[in-house]
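**Q** Below: sequence and its predicted model.
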Amino acid sequence: MSRKLTRRAFIKSGTQTIAALGAAAGTFSLLKGALAGAAPVKSRVILAQDPKAINQRNQCNQEEVTALFNKALLALTGAADSAHGWAVLGLVPNDVVAVKVNCNTWTLDLRPHQELVRALCQSLNSVIALNQIIIYERSNSDLEEGGFKINKTGTGVRCFGNDDGGGYHPQEKLTRIITDTASKIINLASLKCVESDFGVSLFLKNHIGSLMNKDMSKCHGDPDFLAEVNARPSIKNKTILNLCDGFRGTYRRGVPWYWAGIIMGKDPVTSEYAAIQVINEKRRMESIPILEIPDHLRIAEKKYQLGTWNPSKIEILKI
């Protein structure tokens, strides 16, 4: 049976509705104020060391390296296991992940340790098939000199260079391995101090190896170009992890140093800043002038918004 809404009832109902809306608005204002007063989320980077992971003959212990990598991943993501850690970073089962390694031996042989690459691939395998992982560098010969075996089959981790990767994207001018084939990227750099116009050869410089050969030299003496390379859509939007092999690195050009650890972060600028601090800590111990923040890192933050190197906005966790 329908009820006729009287004028008095209509006014009462309207008054109650307005009061409810007012209360809701007040609650929203309080929530907005609380959120505004909350501390901003800091860019997290992990410094993970284990002296048992490597000896002074540059030989790694696979078990120790794997355990250290897993601890770092969970510390970075706050997850309970590797699969959930990768999910936090945005990895999904149908992704194809390109891992940019650095096999360049300029000033010192600092090719990536196979034990770390295996630990990374094993961890990724908790979410994706091994054949959905591609290890790449500038050329097949660079990879082979770095101890990798070329593999373009449908079995196991794939491994090949830009010269075997289908050419280069006409607009981004980057290898099609990362523009067309891969949906996610992991930047695996080495802990390398070069003391040249770069100062360091870390995450941003690592992607020189993603360029066409004729463009590689443009990065030398042009920090804006180097930063801009890392701001190209495929690199900026697809990179889910920056990982630095610091088991054996350099704190000055050509001088080997067993830091015995890895550096891991989501933000390439923060990760590079943290790696520079690791190098500077050693340089202070050796009474060597510390490295200044390189121009390419300043430009990467200010002009291209690739991340931050502001210490007040960074959370460094040591494990």
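**A** Looks like it arrived, so ask away.
**Q** switch to C-alpha atoms for all contacts and neighbour counts from now on
**A** Fine.
**Q** Check the average confidence over stretch 257-277, would you?
**A** Computed over stretch 257-277, the mean pLDDT rounds to 98.
**Q** That one: how far from the chain's middle?
**A** Between the centre of stretch 257-277 and the centre of its chain there are 10 Å (CA atoms, centre = their mean, to the nearest Å).
**Q** Break down the stretch 201-319 of the chain into its strands, ranges please.
**A** Ranges of strands in the stretch 201-319 of the chain, per DSSP state E, counting those that start in this stretch, are 239-246, 249-252, 255-257, 261-265, 314-318.
**Q** Go through the third one and flag the buried ones.
**A** Along strand 255-257, these residues count as buried under the neighbour rule (16 or more other CA atoms under 10 Å): Pro256, Trp257.
**Q** by contact count, what packs against that strand?
**A** strand 249-252 (3 or more CA pairs under 8 Å, 6 or more residues apart in numbering; DSSP states H and E).
**Q** what residue ranges in this structure score low on pLDDT?
**A** Within the chain, the stretches with pLDDT under 70 are 1-39, 105-107.
**Q** in it, which residue is closest to the centre?
**A** Centroid check for the chain by CA atoms, centre = their mean gives Asn242 as the closest residue, at 2.0 Å.
**Q** Please list all residues in contact with the closest residue in space to it that isn't next to it in sequence.
**A** Residue nearest to Asn242 in three dimensions, not counting chain neighbours: Asn187, with 4.8 Å by CA to CA, 6 or more residues apart in numbering. Neighbouring residues of Asn187 by CA atoms under 8 Å, 6 or more residues apart in numbering: Val99, Lys100, Val101, Phe203, Asn206, Thr239, Leu241, Asn242, Leu243.
**Q** now do the same end-to-end measure for stretch 101-118.
**A** This stretch, stretch 101-118, spans 13 Å end to end (CA to CA, to the nearest Å).
**Q** Now it: buried residues?
**A** Neighbour-count burial for stretch 101-118, counted by 16+ other CA under 10 Å, picks out Val101, Asn102, Cys103, Asn104, Leu110, Arg111, Pro112, His113, Glu115, Leu116, Val117.
**Q** ditto for stretch 114-131
**A** Neighbour count says stretch 114-131 has 115-117, 119-125, 127-131 buried, by 16+ other CA under 10 Å.
**Q** Equivalent analysis for stretch 209-228, please.
**A** Buried residues in stretch 209-228, counted by 16+ other CA under 10 Å: Gly209, Ser210, Leu211, Met212, Cys219, Pro223, Asp224, Phe225, Leu226, Ala227, Glu228.
**Q** Stretch 304-317 now?
**A** Within stretch 304-317, the residues that count as buried by 16+ other CA under 10 Å are Tyr304, Leu306, Gly307, Thr308, Trp309, Ile314, Ile316.
**Q** just curious, which of the residues you listed is nearest to Ala83?
**A** Nearest to Ala83, judged by CA to CA, of the buried residues of stretch 304-317 is Ile316 at 23.0 Å.
**Q** shouldn't that closest one be in contact with Ala48?
**A** No: contact criterion CA atoms under 8 Å: Ile316 and Ala48 do not qualify, at 10.4 Å.
**Q** quick one: what helix or strand has Val45 in it?
**A** Per DSSP states H and E: Val45 is located in strand 43-49.
**Q** Does anything pack onto that strand? Which helices or strands?
**A** Packing contacts for strand 43-49, counted by 3+ CA pairs under 8 Å, 6+ apart, involve helix 62-77, strand 261-265, helix 268-285, strand 314-318.
**Q** do that again at 7 Å, thanks
**A** Other elements packing on strand 43-49 under the criterion 3 or more CA pairs under 7 Å, 6 or more residues apart in numbering; DSSP states H and E are helix 62-77, strand 261-265, strand 314-318.
**Q** rewinding a little: which pair in the buried residues of stretch 101-118 has the greatest spatial separation?
**A** Using CA to CA, the buried residues of stretch 101-118 span at most 18.0 Å, a distance reached by Asn104 and Glu115.
**Q** Just the endpoints, please. Distance across stretch 116-132?
**A** End to end - CA to CA - stretch 116-132 spans 18 Å.
**Q** So which residues make contact with it?
**A** 65-66, 69, 82-83, 92-97, 154-158 (CA atoms under 7 Å, 6 or more residues apart in numbering).
**Q** Filter the residues you listed down to the ones in helices?
**A** Under the assignment DSSP state H, those contribute Val65, Thr66, Phe69, Ser82, Ala83 to helices.
**Q** of these, closest to Arg248?
**A** Using CA to CA, Val65 comes nearest to Arg248 of the ones in helices among the contacts of stretch 116-132, at 12.7 Å.
**Q** Find the nearest non-adjacent residue to that closest one, please.
**A** Once flanking residues are discounted, Val65 sits nearest to Ala53: 5.5 Å by CA to CA, 6+ apart.
**Q** This completes my enquiry, with thanks.
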